[in-house]
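Asker: Sequence and predicted structure, then a few things I'm wondering about:
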Amino acid sequence: MISVEEALQRILAGFQPLPAEVLPIGEAFGRVLAEPLVARATQPPAAVSAMDGYAVRAADVAAVPCELEVVGHVPAGSSHDGRLQPGQAVRIFTGAPLPEGADSIVIQEDTEALDGRVRVLESVRQGNYVRPAGLDFRAGEVGLEAGRRLTARDVGLAAAMDRPWLSVRRRPRVAILATGDEVVMPGEPRGPNQIVSSNGLSLSAAVRACGGEPLLLAIARDDAASLQALAGEARGADLLVTTGGASVGEHDLVRQALGERGLELDFWQIAMRPGKPLMFGRIQGTPLLGLPGNPVSTVVCATLFLRPVLERLQGLERPPHRLLPARLGVPLKQNDRRQDYLRSRLERQPDGTVVASPFPRQDSSMLAVLSQAEGLVVRAPHAPPAAAGDPIAYLPLDGDLLSL
Ligand SMILES: Nc1nc2c(c(=O)[nH]1)N[C@H]1C(S)=C(S)[C@@H](COP(=O)(O)OP(=O)(O)OC[C@H]3O[C@@H](n4cnc5c(N)ncnc54)[C@H](O)[C@@H]3O)O[C@H]1N2
Ligand code: MOO
């Protein structure tokens, strides 16, 4: 059995960022930029007012109250012709360009409108409520770097930069193949010894959450012909993910059946719990990630291995496993030779410390516990017994795109 770290390295070595495609900005949310995005506009394009009020020369309102002649009216989208002279003001609104000669804004709450004149009640510092040209960004500047997944905020910035088309990475296409005579799709009639298949659907959701496009194939029966036929439908995908049939039982067919169709195995089995029978290889040119059938094992392996693959395919460069520090909420026994990923509750103390408490039962069939878990406490192989309060590292499960 190889370590989690080695498995991840060997898996990631098989992937490069996908080619870019050009999308209208309205469709680019959640995509990863393939090129740095340069602004084609300066924002604001000229000095503008940040408030509704009067454009003035600060020197004219140094002593208040005072009266100024109102010589113009400028809503956003228009401008004032001519230069402001001493003793003059221009009625102005938020976003309108500052008239030539003016240097400050008096907000309307600090004035009284008179007929053709305005009484100013408060003096202002030069530049008061003026947004200088280029305050936000200037044409030619890089506003967003390549390799960034576009948030809603980024989409707004790209739009303001006047970039209607964006070059982004193609979405990774991931074929998903669940296996087993005992599983049927939700809603289908169930025989007496059958259960509902959850893995295909949790994996599809995980692929989507990571920015990929899932192709959920039909469930393969536990026979070689069924597996081989359905695996053939993954042609053209960037990755085939199987779930189930990965272990040592004679009904655990994936290696054997796909071996007959040219599966070249890179590795099988890692020192990890849950997820021991994980496999990685390539079948007829398509990378294959074989996940164990236990529902929790499948999801934990998706977090640890599928997600970094999808990130690499999209050109996202970030550390694959972001571990955070915490204190244990309960004691733990000595670990065996597999690295543990314990489904845990997290609690933040008033001093900011996070206390992570692994659930008492960690069976890899328990989806309800997985769903309640907020983090996975990571325990190294052969970790010694640990007491409540001991420092520990955990992998957060929420607060990110892939909220498992
Ligand atoms: N003698 C041994 N037995 C097992 C070992 C071992 O090392 N020696 N490993 C165990 C571990 S660890 C795991 S994990 C499982 C993985 O086995 P498989 O990948 O072969 O998965 P299956 O046997 O097909 O199924 C396991 C379990 O999961 C349920 N399952 C399968 N597919 C789905 C699905 N789509 N949705 C929901 N549930 C699913 C299935 O009914 C089984 O209960 O092997 C251990 N055994
Ligand atoms: O590795 Mo298995 O995933 O412990 O249940």
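Answerer: Arrived safely. Residues are numbered from 1 along each chain as shown. Ligands and ions are numbered 1, 2, ... in the order given.
Asker: Might you calculate how far the helix or strand containing L376 sits from the centre of the chain?
Answerer: L376 is part of strand 375-379, with elements assigned from DSSP states H and E. Its chain's average C-alpha position is 21 Å from that of strand 375-379, according to CA atoms, centre = their mean, to the nearest Å.
Asker: That one pairs with which strands?
Answerer: Its sheet considered, strand 375-379 pairs with strand 339-348 (antiparallel), strand 391-396 (antiparallel) by DSSP bridges.
Asker: most tightly surrounded among those?
Answerer: Taking mean count of other CB atoms under 10 Å as the contact definition, the stretch among the strands paired with strand 375-379 with the greatest mean neighbour count is strand 339-348, which reaches a mean of 20. Where C-beta positions appear, they are placed from N, C-alpha and C, glycine not excepted.
Asker: Any part of it near ligand 2?
Answerer: No. Strand 339-348 stays out of contact with ligand 2 when judged by CB under 6 Å from any ligand atom, the minimum separation being 9.5 Å.
Asker: Please enumerate residues in contact with that strand?
Answerer: By CB atoms under 8 Å, 6 or more residues apart in numbering, the residues outside strand 339-348 that reach it are 3-4, 271-275, 296, 300, 304, 326, 329, 332, 354-359, 362, 366, 369-370, 372-381, 383, 394-396.
Asker: Going along the chain from that strand, find the next helix or strand for me.
Answerer: Moving on from strand 339-348 towards the C-terminus, the next helix or strand you reach (DSSP H and E) is strand 354-358.
Asker: residue contacts, the nearest residue to R261 once chain neighbours are set aside?
Answerer: Nearest non-adjacent residue to R261, counting by CB to CB, 6 or more residues apart in numbering: Q228, 5.2 Å away. For Q228, the set of contacting residues under the criterion of CB under 8 Å, 6+ apart consists of A257, L258, E260, R261.
Asker: related to what we said a few turns ago, need the strands paired with strand 375-379 in CSV (columns: distance to S104).
Answerer: Rendered in CSV, the data for the strands paired with strand 375-379 read as follows (distance: least, CB to CB, whole Å):
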stretch, distance to S104
strand 339-348, 46
strand 391-396, 48
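Asker: Tell me which of those strands sits nearest to ligand 1.
Answerer: Between ligand 1 and those, the shortest gap by CB to the nearest ligand atom is with strand 339-348, which sits at 12.1 Å.
Asker: How far does the closest one sit from its chain's centre?
Answerer: Taking the mean C-alpha point of strand 339-348 and that of its whole chain, the gap between them comes to 22 Å (CA atoms, centre = their mean).
Asker: The lengthiest helix in the chain and ligand 2 in contact?
Answerer: Assignment by DSSP state H gives helix 199-209 as the longest helix of the chain. No. Judged by CB under 6 Å from any ligand atom, helix 199-209 and ligand 2 are separated, with a smallest distance of 11.9 Å.
Asker: How about residues contacting that helix?
Answerer: Residues outside helix 199-209 that contact it (CB under 8 Å, 6+ apart) are 172, 174, 176-178, 183, 185-186, 213-214, 216-217, 219, 241, 243-244, 291, 293, 295, 298-299, 302-303, 306-307, 310, 401-404.
Asker: ok, back up a step: which SS state does the residue nearest to R261 fall under?
Answerer: Q228 carries the three-state label helix when classified by DSSP: H, G, I helix; E, B strand; the rest coil.
Asker: my guess is N193 contacts V184, does it?
Answerer: No. Counting by CB atoms under 8 Å, no contact exists between N193 and V184, whose distance comes to 11.0 Å.
Asker: For those two, indicate the residue with more neighbours.
Answerer: When N193 and V184 are compared on other CB atoms under 10 Å, the one with more neighbours turns out to be V184, at 16 against 7.
Asker: Please report how far the more buried one lies from A178.
Answerer: Here the criterion is CB to CB, to the nearest Å. By it, V184 lies 10 Å from A178.
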